[in-house]
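Participant: sharing a sequence plus its predicted fold:
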Amino acid sequence: MPVSSFDNLKHFACGKNWRATIKQLIFISGLWCFFQFPVYAQTPASKGVAVIKIDPERSISEIDPKIYGVFMEPIHLNGARVGLPDTADFNTLYGTLYDPSSSLADVNGFRKDYIDAMKELKITNMRWPGGNFVMGYNWQDGIGPKELRPHRINLAWGGVENNQVGTDEWIALNKAMGTENIVCVNLGLATIQDAVNWVEYCRYKKGTYYSDLRIKYGHEKPYDIKIWDLGNEVDGAPWELGHKEAEDYVNIAREAAKAMKSVDPTLEFVGSGSSWYESTQWLEWNRKVLAGLGDMIKYLSIHSYWENASDYYSFIGQSAMIFEHRIKLTSDQIDIARAMKGFKNPVYISLDEWGSFGRSFRNVLPVAQCLNSFIRHADVVKMANFTLMTSLLSNDPKKGTYKSSLFYTFKLFSNNCLGNSIDTHVECDTFNTELYKGIPFLDVTTVYSKESGIVYINVINRHRDKAITAEVINSSGLFSGKCQASIVTAESMDEPFTIDKQAQYVPVTKEIETGKNKLTYTFAPHSFTQLKVQVGK
């Protein structure tokens, strides 16, 4: 089964530390596996009509288009490897995105249906080639004539890596999609010299061994790759190849960044922040990395996947608060490190692996809430990469690819939510979970484009069963003309997406009357709605 039906997998369970890794929904060959959590949700009595107040004159920050990025990695999956009884065996890259035998393949062997989908989503960047994979990867295995490239054991995921997709192919794919390359170097089992040589191959004009090798292989001009990740999830002791303690990571990352800049002083770096949220050690890791590396990086990477739970409100609300909590604490740590160390350079968050795993509507609202979090924290979250790129386009192994509610939800954000994230105040009923009290049923962000005078208001109704009516008020001006609502919802939260029902996944649109500075709308239960309206004085 192609991986698009699998819809993402990252961080397999690792011994006694399994709770710190995925806590995710695993789907392989029709088998669902859940990590169970107790029910704690409570819903208080209704307060009546909710209120959403927006203020286009109060900007949080400009939204960086890089938050609409994707992540790709050649993950080899085998049922037995993850303790399942079946023999599912497939790769997230080979036979899925890269399939030269397909009638849909382009000249480089990549499927045009995926390429066209990423263009439609206006994806801005792609991070590659890993992920766990990169920490055991030798980039030189993936250049030169394909028939001469060595087959290696995929040390991170098992199976055999045939290296048919290497540096030149990844860059060709980005060019086809119109996206920026974000490259992650191996600071696990490889050396600093390996990273430096890779930069030379990609960025140096000519006249050196690796730059001339690139030219020999048919690529005259250097590749426009500015952003480089200094390793992947280096704090991941249970699963990561070449794991290092924070002090050791800082030492090798500093030296790698220094040496890579000797080849190209214009490079920008992403430091490897937290991915292993075991107790409070993730905060200590970030503290040490920021203190020791903060002056040399533009971004600190954190990875956060949606926490799974059997109870709906724990899943939809508590998990959202955990996601928000990780962003807020990391942002505070950046501020503290800059103040204590006197860094002149800004440091931003790159959430370069994130997602919610599954192939039903149950996992669409988490994606919308993650994107709302990025917009809400537009002042610090400046890059994000959804895991995996291929999962944004659903796939039927017999009938082909199709667009599900996940695709359309992402599209409403990536196509429309550019401009300024603006102040949004929400008054509505709340609910409680084991860890968090007073979680609003409505999760709302607002994006304003001064050039067009349009605001997009993104509203997730987290209530499982109840529609919520809200007054939307423009606190600093008027609404002009009618408002258009695009609604994404489903009758069943858990029914798997199917190609035969793809017409049902297209957002429903409605027109709403506006009156001066106010409009009223009723948001369907368990739904995502995007309101588009013109504002003026």
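Facilitator: That came in fine, so what should we check first? Bear in mind that the values here come from a model prediction, so they are computed numbers and not experimental data.
Participant: now stretch 195-212: how far from the chain's centre is it?
Facilitator: Going by C-alpha atoms, centre = their mean, to the nearest Å, the spacing between the C-alpha centre of stretch 195-212 and its chain's C-alpha centre is 30 Å.
Participant: and it, what's buried?
Facilitator: Residues of stretch 195-212 classed as buried: 195-204, 210-211 (neighbour count, 16 or more other C-beta atoms under 10 Å). C-beta here means a position set from N, CA and C on the backbone, and glycine is covered the same way.
Participant: regarding the chain, what is its longest helix?
Facilitator: Secondary structure of the chain per DSSP state H: the longest helix is helix 319-341.
Participant: can I get it in CSV, CA atoms only?
Facilitator: Provided in CSV are the C-alpha atoms of helix 319-341 (Å, rounded to 0.1, in the frame of the first residue of the first chain):
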residue,chain,number,x,y,z
SER,A,319,-3.5,18.2,22.6
ALA,A,320,-3.9,21.7,21.3
MET,A,321,-2.8,23.2,24.6
ILE,A,322,0.2,20.9,24.7
PHE,A,323,1.1,22.1,21.2
GLU,A,324,0.7,25.8,22.2
HIS,A,325,2.6,25.2,25.4
ARG,A,326,5.7,23.9,23.6
ILE,A,327,5.7,27.0,21.3
LYS,A,328,5.2,29.5,24.1
LEU,A,329,7.9,27.9,26.3
THR,A,330,10.4,27.8,23.4
SER,A,331,9.7,31.4,22.5
ASP,A,332,10.3,32.4,26.2
GLN,A,333,13.6,30.4,26.2
ILE,A,334,14.7,32.3,23.1
ASP,A,335,14.0,35.6,24.7
ILE,A,336,15.9,34.6,27.9
ALA,A,337,18.9,33.3,26.0
ARG,A,338,19.1,36.5,23.9
ALA,A,339,18.9,38.7,27.0
MET,A,340,21.4,36.7,29.0
LYS,A,341,23.9,36.2,26.1
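Participant: contacts for it, please.
Facilitator: For helix 319-341, the surrounding residues in contact (C-beta atoms under 8 Å, 6 or more residues apart in numbering) are 273-274, 277, 283, 286-287, 290-291, 294-295, 300, 302, 304, 306-309, 343, 346-349, 351, 366, 369-370, 373, 376-377, 380-381, 433, 435-436, 439, 443, 462.
Participant: I figured Glu511 was touching Gln484, is that so?
Facilitator: Yes - contact criterion C-beta atoms under 8 Å: Glu511 and Gln484 qualify, at 6.0 Å.
Participant: tell me which of the two has more neighbours.
Facilitator: Gln484 (14 against 10; other C-beta atoms under 10 Å).
Participant: secondary structure class for that one?
Facilitator: strand (DSSP: H, G, I helix; E, B strand; the rest coil).
Participant: leaving out the residues flanking it, which one is nearest to it?
Facilitator: The shortest distance from Gln484 to any non-neighbouring residue, by C-beta to C-beta, 6 or more residues apart in numbering, is to Lys532 (4.6 Å).
Participant: helices of this structure, residue ranges please.
Facilitator: In the chain, the segments counted as helices under DSSP H are 3-6, 112-121, 167-177, 192-203, 209-216, 246-263, 281-293, 312-313, 319-341, 364-376, 405-416.
Participant: need those in JSON lines with mean pLDDT and distance to Thr390, can you?
Facilitator: Shown next, in JSON lines, are the helices of the chain (pLDDT from 0 to 100; distance: least, C-beta to C-beta, whole Å):
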{"stretch": "helix 3-6", "mean pLDDT": "37", "distance to Thr390": "5"}
{"stretch": "helix 112-121", "mean pLDDT": "98", "distance to Thr390": "6"}
{"stretch": "helix 167-177", "mean pLDDT": "98", "distance to Thr390": "12"}
{"stretch": "helix 192-203", "mean pLDDT": "98", "distance to Thr390": "24"}
{"stretch": "helix 209-216", "mean pLDDT": "98", "distance to Thr390": "28"}
{"stretch": "helix 246-263", "mean pLDDT": "98", "distance to Thr390": "30"}
{"stretch": "helix 281-293", "mean pLDDT": "97", "distance to Thr390": "28"}
{"stretch": "helix 312-313", "mean pLDDT": "96", "distance to Thr390": "28"}
{"stretch": "helix 319-341", "mean pLDDT": "97", "distance to Thr390": "23"}
{"stretch": "helix 364-376", "mean pLDDT": "98", "distance to Thr390": "15"}
{"stretch": "helix 405-416", "mean pLDDT": "98", "distance to Thr390": "12"}
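Participant: which one, of those, ends up nearest to Phe528?
Facilitator: helix 364-376 (4.4 Å; C-beta to C-beta).
Participant: as CSV, could you dump the C-alpha coordinates of that closest one?
Facilitator: Provided in CSV are the C-alpha atoms of helix 364-376 (Å, rounded to 0.1, in the frame of the first residue of the first chain):
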residue,chain,number,x,y,z
VAL,A,364,-8.2,17.4,10.1
LEU,A,365,-9.1,19.7,12.9
PRO,A,366,-5.7,19.2,14.7
VAL,A,367,-4.0,20.3,11.5
ALA,A,368,-6.2,23.5,11.4
GLN,A,369,-5.4,24.2,15.0
CYS,A,370,-1.6,23.8,14.4
LEU,A,371,-1.8,26.3,11.6
ASN,A,372,-3.8,28.6,13.8
SER,A,373,-1.0,28.3,16.4
PHE,A,374,1.6,29.3,13.8
ILE,A,375,-0.5,32.3,12.8
ARG,A,376,-1.1,33.2,16.5
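Participant: which helices and strands sit right next to that helix?
Facilitator: For helix 364-376, the contact count by 3 or more C-beta pairs under 8 Å, 6 or more residues apart in numbering; DSSP states H and E identifies helix 319-341, strand 348-355, strand 381-387, helix 405-416, strand 442-449, strand 454-461, strand 527-536 as packing neighbours.
Participant: with mean neighbour count and distance to Trp239 added, can I get the ones you listed in CSV?
Facilitator: Formatted as CSV, the helices and strands packed on helix 364-376 follow (neighbours: other C-beta atoms under 10 Å; distance: least, C-beta to C-beta, whole Å):
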stretch, mean neighbour count, distance to Trp239
helix 319-341, 18, 19
strand 348-355, 26, 13
strand 381-387, 26, 15
helix 405-416, 22, 26
strand 442-449, 24, 31
strand 454-461, 24, 32
strand 527-536, 21, 33
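Participant: any buried residues in stretch 177-197, and which?
Facilitator: For stretch 177-197, by 16+ other C-beta under 10 Å, it's 177, 179-188, 190, 192, 194-197.
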